[in-house]
Each structure stands twice: as structure tokens, then as C-alpha cells.
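Peer 1: coords please:
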Amino acid sequence: MNVKSTVSVLAFGLVLYLLGPETLPFSIIEMILGLVIVIMIGEPMVEGLQEFSEYTGLSSHVTGILSSLASNLPEMIMTMFMIFSPQLKDVAILAVLLASTFNGLLLGILVIMLTWKGGSIEIPKKALENDVEVMRLAIGFCVIVFGTGIILTLNSEVGPPLLPWEIPVFMLLAYLGYLFFVARGGKEGHEGHQAHVHEEERSRAFVIPLVLGLVGTVVAAELISSSSEYFVHVLHLNVVFAATLIGFAGSVPEHGMALIGAREGHVELGVSNLLSGVVQSVLLIFPIVALLVPVYLDGYVLYQFLAIAVTLWILMKSIVDDGKLTLDEGVSIIVIYLMGIMLFDQLSLIF
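Peer 2: A predicted model of the protein is given here:
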């Protein structure tokens with residue numbers, strides 16, 4: 001990893017973000033530079049996370065969850081700014097839910113990428129137990145929100161009903177409980193691994209890649225999201241198309257490191273990153289947003305919860321059936337998520 005060149009590119013990106021004029025050419029440059037930064041930091045950050053898991057004794061599965069939380073941090077920060085903007089509040093809420101869809105799409109791509117020449121991706125039994133339980137919780141909450149929205153809409157005479165505050169509270173509690181139980185069983189023995197490497201050397205090995213990776217993720221996310229927001233304003237996009245664009249910009253770059261890590265052999269970390277990203281958008285980021293601003297259960301939001309419930313159920317069944325993911329299941333995952341995105345965009349023609 002060339003630290004100096006990485007720092008230089010990050011500094012240039014930060015200067016461009018802070019001082020660059022809001023014009024179409026500069027927005028295009030911001031978008032391209034953000035993608036370049038993602039590519040530059042992806043592999044070093046994955047290697048740093050793997051070293052971190054080996055040093056601390058955490059399993060690759062738990063490290064994948066931590067990497068997903070780190071990946072979602074820029075998206076969460078970006079969403080916090082957007083929800084307090086009257087023009088972008090509705091876009092931000094939909095973009096958060098769409099991030100779950102894009103993470104599922106990336107998972108399908110990862111499965112195809114790793115099983116193209118045959119074989120399958122084995123899901124560890126312990127990880128399977130934890131992931132299946134949290135996916136069941138997410139599906140249950142999505143169905144409850146969808147059903148509640150339909151009932152309240154049928155009995156409302158003043159427009160879309162407001163999401164009851166109890167729902168995001170229970171969502172957050174459910175996910176925090178999941179993290180607690182995962183952390184309890186997240187240790188695995190690494191006593192004999194790299195015994196010849198001095199502890200202090202190992203402790204320094206992962207710090208620089210992780211710090212640069214986190215900073216790079218934030219800078220890339222800001223560059224890509226700010227350019228996306230500019231495109232939205234210039235092109236006067238519908239709220240659905242705007243949310244799709246920003247949701248893509250807010251989730252794909254950060255979680256793209258999972259694909260890079262999987263290509264380098266860190267398969268469990270990559271799968272865990274994307275599975276966690278699918279669930280975190282629903283049970284972590286969305287509840288925080290819903291507790292800060294009112295969320296109205298209109299057709300856009302209700303469709304998203306229905307689509308997330310259905311696609312998560314299909315994803316869960318693919319994993320539970322035999323504890324592994326194969327090429328045909330990767331194709332099925334991509335098809336169902338793509339159909340969900342395309343049908344969501346069709347709603348812009350109705351509402």
C-alpha cells in the first residue's frame with residue numbers, strides 16, 4: 001500500500017469537495033474521483049480488517065459486521081444532513097431503504113463472482129444461526145410496518161399515516177440485542193496464528209490501513225453523494241429516481257470493499273459485510289432516521305418495506321436450505337433485487 005499517494009488523493013478529494021464550484025464538470029470529476037478512492041482503499045482496508053480480527057481474536061464473521069458498520073457510517077452521516085433539508089428529507093428516507101436493496105444486489109454479484117467456475121460459498125454454522133435470526137426479525141418488522149401502514153391508510157381521511165414511534169424503537173432494540181449475542185460468541189482462537197510476529201508489530205500493521213480506509217470511505221461517500229445530489233437538482237429528478245441514485249451512491253461504494261475482499265480470499269468477511277449491510281439499513285439506520293423526523297407511510301415507503309420483506313425471505317431461504325450459496329442462487333438474488341428496483345422506479349409514474 002502506497003500511503004503517500006493514498007493520502008495525496010484523499011487530500012485532493014477533500015479540497016475538491018470543500019472548495020470546488022457547484023458545476024456539472026466538477027460534479028462529474030467528483031463522482032469519478034470518489035470511485036477511484038473506493039478502488040484505492042478497498043483492498044488495503046480489507047487486509048487491515050483481517051489483521052484486526054487476527055490480532056483481537058474476533059471471527060471473520062464478526063469482523064465483517066464491524067466492517068459493514070464502518071461502511072454504513074458515511075451513509076448515516078450523509079442521511080443525517082439530508083433529513084433536515086426540506087427538499088431532501090423524503091429522498092433520504094427512501095434512499096436509506098434502497099441501500100438495503102443495493103447491498104442485496106452486491107451480494108448476488110459476489111456469489112456469481114465466486115461460483116462462476118463451479119463450487120459454492122459455505123456459510124459457517126455459527127454465522128448462519130445469527131444471520132438467519134436477524135433476517136427473520138427484519139422480515140417480521142417489515143411485514144408489520146407494511147400491514148400497519150395499509151390498515152392506517154384505509155382508516156385515514158387526511159393523507160398518509162405517520163409511522164408509530166414504537167416501531168423504530170423496537171427495531172433498534174432488536175438489532176442491539178443481535179449485536180450483543182454476536183459479540184458474545186464472536187471470539188475464535190488465534191493463539192497459534194502468526195506466532196512468529198511480535199505483538200506490537202501486528203498491532204501497528206492494521207492501524208494505518210484501517211484509518212486511511214475509514215477516512216477514504218467518508219471522503220469518497222461525500223464526493224459521490226454530493227455530486228449525485230447536484231445531478232438531482234440540475235436534472236429535476238422525481239423523488240423515486242433521486243432516491244435510487246443517492247441510495248446507489250451511498251451504499252455501493254462503501255460496501256464495494258466486500259467484493260474486493262472476496263476476490264482476495266476473504267470470502268466470509270465479504271459475505272458477512274453485505275448480509276449485515278442489508279439488515280443494518282432496515283434495523284439500524286432507518287429507525288434512527290424515523291426517531292429524528294416523522295416518516296409518513298405513503299406508497300413509496302410501504303412498497304419498500306414489502307419489497308425488503310420478500311427479498312430478504314428469498315435470501316434467507318437460499319442460505320437456510322443447505323447452508324451455502326451457489327451460482328443459480330446468486331442469479332436468483334440479482335434478478336429479484338433488480339426487479340424490485342425497476343418496479344419501485346415505476347411508482348414515479350403513479351404518485
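
Peer 1: all strands of the stretch 251-351 of the chain, in order?
Peer 2: Per DSSP state E, counting those that start in this stretch, the stretch 251-351 of the chain carries strands over the ranges 324-325.

Peer 1: low-confidence regions, it specifically.
Peer 2: 252-257, 261, 264, 266, 348-351 (pLDDT under 70).

Peer 1: which residues of it fall in helices?
Peer 2: Taking DSSP state H, counting those that start in this stretch as the test, the helices found in the stretch 251-351 of the chain are 267-280, 286-292, 299-322, 327-346.

Peer 1: which of the ones you listed sits closest to Leu107?
Peer 2: Nearest of these to Leu107, taken as Cβ to Cβ: helix 267-280 at 4.1 Å. The C-beta positions use only the backbone N, C-alpha and C, and glycine is treated the same way.

Peer 1: can you spell out which helices and strands pack onto that closest one?
Peer 2: Counting contacts by 3 or more Cβ pairs under 8 Å, 6 or more residues apart in numbering; DSSP states H and E, helix 267-280 is packed against helix 24-56, helix 60-83, helix 89-115, helix 125-154, helix 239-263, helix 299-322.

Peer 1: tell me the centre residue of this protein?
Peer 2: Note on the chain: the residue nearest the mean C-alpha position is Gly277, at 3.7 Å, using Cα atoms, centre = their mean.

Peer 1: residues contacting the residue lying closest to that one once chain neighbours are set aside?
Peer 2: Leaving out its chain neighbours, the residue that sits closest to Gly277 by Cβ to Cβ, 6 or more residues apart in numbering is Asn103, at 3.7 Å. Applying Cβ atoms under 8 Å, 6 or more residues apart in numbering, we find Asn103 in contact with Ser251, His255, Leu274, Gly277, Val278, Ser281.

Peer 1: if we can go back for a sec, redo the helices of the stretch 251-351 of the chain as CSV? Include distance to Pro160.
Peer 2: Converted to CSV, these look like this (distance: least, Cβ to Cβ, whole Å):
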stretch, distance to Pro160
helix 267-280, 26
helix 286-292, 14
helix 299-322, 8
helix 327-346, 17
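
Peer 1: nearest to Leu176, out of the ones you listed?
Peer 2: helix 286-292 (10.3 Å).

Peer 1: picking that back up, and which of the contacts of Asn103 is nearest Val215?
Peer 2: His255 (17.1 Å).

Peer 1: picking up where we left off before, which of the contacts of Asn103 lies closest to Ile144?
Peer 2: Nearest to Ile144 among the contacts of Asn103, with distances taken as Cβ to Cβ, is Ser281, at 17.0 Å.

Peer 1: touching, that closest one and Gly104? I think so.
Peer 2: No: Ser281 is beyond contact range of Gly104, at 9.8 Å (criterion: Cβ atoms under 8 Å).

Peer 1: so how far is Gly270 from the residue nearest to Gly277?
Peer 2: Distance of Asn103 to Gly270, given as Cβ to Cβ, to the nearest Å: 12 Å.

Peer 1: most tightly surrounded among the helices of the stretch 251-351 of the chain?
Peer 2: helix 267-280 (a mean of 27; mean count of other Cβ atoms under 10 Å).

Peer 1: now do that one: distance to the chain's middle.
Peer 2: 8 Å (Cα atoms, centre = their mean, to the nearest Å).

Peer 1: what's the answer for stretch 278-295, then?
Peer 2: Counting by Cα atoms, centre = their mean, stretch 278-295 comes out at 13 Å from the chain centroid.

Peer 1: now do the contacts for Asn72.
Peer 2: By Cβ under 8 Å, 6+ apart, the neighbours of Asn72 are Ala99, Glu254, Gly277, Gln280, Ser281, Leu284, Ile285.

Peer 1: from memory the third one sits against Ser71, does it?
Peer 2: Yes: using Cβ under 8 Å, Gly277 makes contact with Ser71 at a distance of 6.6 Å.

Peer 1: which of the helices or strands spans Leu16?
Peer 2: Under the criterion of DSSP states H and E, Leu16 resides in helix 3-19.

Peer 1: now that helix: buried residues?
Peer 2: Thr6, Val9, Leu10, Gly13, Leu16, Tyr17 (16 or more other Cβ atoms under 10 Å).

Peer 1: now, which of those sits nearest Glu129?
Peer 2: Thr6 (38.0 Å).
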